[in-house]
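Novice: Generate coordinates for the sequence data below:
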Amino acid sequence: MKTRLALLLLLIAPTLPLSAQAQPEPATLRSLLLHELRATHNHAEWFVPINTAVEGLTAEQANWQPPRGGHSAGQLAYHLLFWNRRNLNNLRGIKNDKFTGDNKETFDHFDQKQWADVVNQLDEVMTGFEKLVETADDQQLAKWANTIGNICAHNAYHVGQIVYVRKLQGAWDPDKGVKS
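Specialist: Predicted coordinates:
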């Protein structure tokens, strides 16, 4: 009897008014920022996150550049590491190393010998952002929200490029989230 009742409720629940259905907790600034950080770090939803984009990529593959120009997956990952680390340091109040301001440098310092380290550090930096948001007070979150939102958009943009480069190279498994 309980099984039939549960099945009946599952069938009619979508037709019940929203007030009769269980409501999710309202989003908070913290929950939204964490959601965006995780979506670009290690939680696949609408697009491939960083960890999935670089997963299984060898140092040689990470160094491969498209035949008509463009950055390698390794250069793109290094660029993300460079800017994410600087932004995380800024939010933590940690002084960054001097930077000339030439964005080309943020791609060109990649060396395939450092590939595994780039992947590990990128994961650590993204985890650092999540921990920072988890522990920040509401005033800090409000102050950082636009910056973190831009960081997430920047990450998603370049992760898409990493996946595209891998597809051009024939080093992408479509079962990881991007079929076409």
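
Novice: Pull out the buried residues from stretch 48-60.
Specialist: For stretch 48-60, a neighbour-count test (16 or more other Cβ atoms under 10 Å) marks Val48, Pro49, Ile50, Asn51, Thr52, Ala53, Val54, Leu57 as buried. From N, CA and C alone the C-beta is placed, and that goes for glycine too.

Novice: which pair in those residues spans the largest distance?
Specialist: The distance between the two most remote of these (Cβ to Cβ) is 14.0 Å, for Pro49 and Leu57.

Novice: ok, so of the buried residues of stretch 48-60, who is nearest Pro26?
Specialist: Pro49 (24.9 Å).

Novice: Tell me, how many residues neighbour Asp111?
Specialist: Counted with other Cβ atoms under 10 Å, the neighbours of Asp111 add up to 13.

Novice: residue contacts, Val54?
Specialist: Ala62, Ala73, Ala77, Val119, Leu122, Ile162 (Cβ atoms under 8 Å, 6 or more residues apart in numbering).

Novice: I'd say the fourth one and Leu80 touch.
Specialist: No - Val119 sits out of contact with Leu80 when judged by Cβ atoms under 8 Å, with a separation of 10.7 Å.

Novice: Settle it for me: which of these two has more neighbours?
Specialist: Neighbour totals were compared for Val119 and Leu80, and Leu80 leads with 27 against 20 (other Cβ under 10 Å).

Novice: And stretch 27-39, what's buried?
Specialist: So for stretch 27-39, counting by 16+ other Cβ under 10 Å, buried means Arg30, Leu33, Leu34, Glu36, Leu37, Arg38, Ala39.

Novice: Which of the buried residues of stretch 48-60 fall within helices?
Specialist: Ile50, Asn51, Thr52, Ala53, Val54 (DSSP state H).

Novice: low pLDDT regions in this protein?
Specialist: By pLDDT under 70, the weakly predicted segments of the chain are 1-21, 178-180.

Novice: does the residue nearest to the spatial centre of it belong to a helix or a strand, and which?
Specialist: The centroid of the chain falls nearest to Thr40 when counting by Cα atoms, centre = their mean (1.6 Å). Taking DSSP states H and E as the criterion, Thr40 maps to helix 29-41.

Novice: Can you report how many residues lie near the nearest residue to Gly70 once chain neighbours are set aside?
Specialist: Among residues not flanking Gly70 along the chain, Val165 sits closest, at 6.9 Å (Cβ to Cβ, 6 or more residues apart in numbering). Neighbourhood size, Val165 [other Cβ under 10 Å]: 25.
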